[in-house]
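Participant: from the sequence below, what's the structure:
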Amino acid sequence: MRQMKTGMLSVLFLLVICICNNFDTTFCKEDSNGQEVLLCRKCGTDLVDSYYLLNKLSPGANKVEKQSMFGKENVTVQTLINPFGINFEIITSEKANCKNIGPSQGADSWFPGYTWQICVCPHCGQHIGWTFTRSESNSNIEDGMNVTDVNSFHGLILKNILGENFTDSLIMLPKIYNM
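Facilitator: Numbers count the residues shown, from 1 in each chain. Here you go, the predicted structure:
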């Protein structure tokens, strides 16, 4: 029985080595800048590299904090409340691998001058956040924002994403296999 367990662990270890050597691991490990990939908490789909996180402030934020997360310092976490009284802690990103659903909405936007669409995980459909796009009617109006402001960005719900380094910490090899 002990030999069978040892044999199975060896096969599993070899499989892990083969997978790591044969697949592109660009999104699997931290890069030299300390960034990491953010994943859908429900299914693990890659959503965005933390390199693309940005600090886009909403004037309607109930609370704003700077936190160290996902291999970055001073990530802005904002607590926003929708018209139904539901709180969302979000971070913002200039890019995200998500699927927009529904028409663009201008009403109740947390970011003046931007319309929004619901953004879901392209694999499992989990609500990831929103895509905000600068509205045509406000493209020339500053409204207290920089003229160089981004044309679109994503507000990602913090509780619906997680960093790959966190998931890596959950998967541990036995000490005898540590390299």
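Participant: list the buried residues of stretch 42-56.
Facilitator: Within stretch 42-56, the residues that count as buried by 16 or more other CB atoms under 10 Å are Lys42, Thr45, Leu47, Val48, Asp49, Ser50, Tyr51, Leu53, Lys56. From N, CA and C alone the C-beta is placed, and that goes for glycine too.
Participant: helix or strand: which one has the fourth one?
Facilitator: With elements delineated by DSSP states H and E, Val48 resides in strand 46-49, which encompasses its position.
Participant: the helix or strand following that strand pairs with which strands?
Facilitator: Next along the chain after strand 46-49, taking DSSP H and E as the criterion, comes strand 53-54. As defined by DSSP bridges, the strand partners of strand 53-54 come to strand 87-93 (antiparallel).
Participant: who touches the partner strand?
Facilitator: Contact with strand 87-93 is made by 48, 52-56, 62, 69, 75-82, 129, 153-159, as judged by CB atoms under 8 Å, 6 or more residues apart in numbering.
Participant: in the host helix or strand of Ile128, what's buried?
Facilitator: Using DSSP H and E, the element containing Ile128 is strand 127-134. Using 16+ other CB under 10 Å as the test for burial, strand 127-134 gives Ile128, Gly129, Trp130, Thr131, Phe132, Thr133, Arg134.
Participant: buried ones among the contacts of strand 87-93?
Facilitator: For the contacts of strand 87-93, a neighbour count by 16+ other CB under 10 Å gives the buried set as 48, 53, 56, 69, 75-78, 80, 129, 153-158.
Participant: poorly predicted segments of the chain, please.
Facilitator: Confidence mapping of the chain against pLDDT under 70 gives the ranges 1-34, 137-148, 167-179.
Participant: ok, now with 80
Facilitator: Scanning the chain with the threshold set as pLDDT under 80 gives 1-34, 136-149, 165-179.
Participant: show me the helices in it, by range?
Facilitator: 2-22, 164-170 (DSSP state H).
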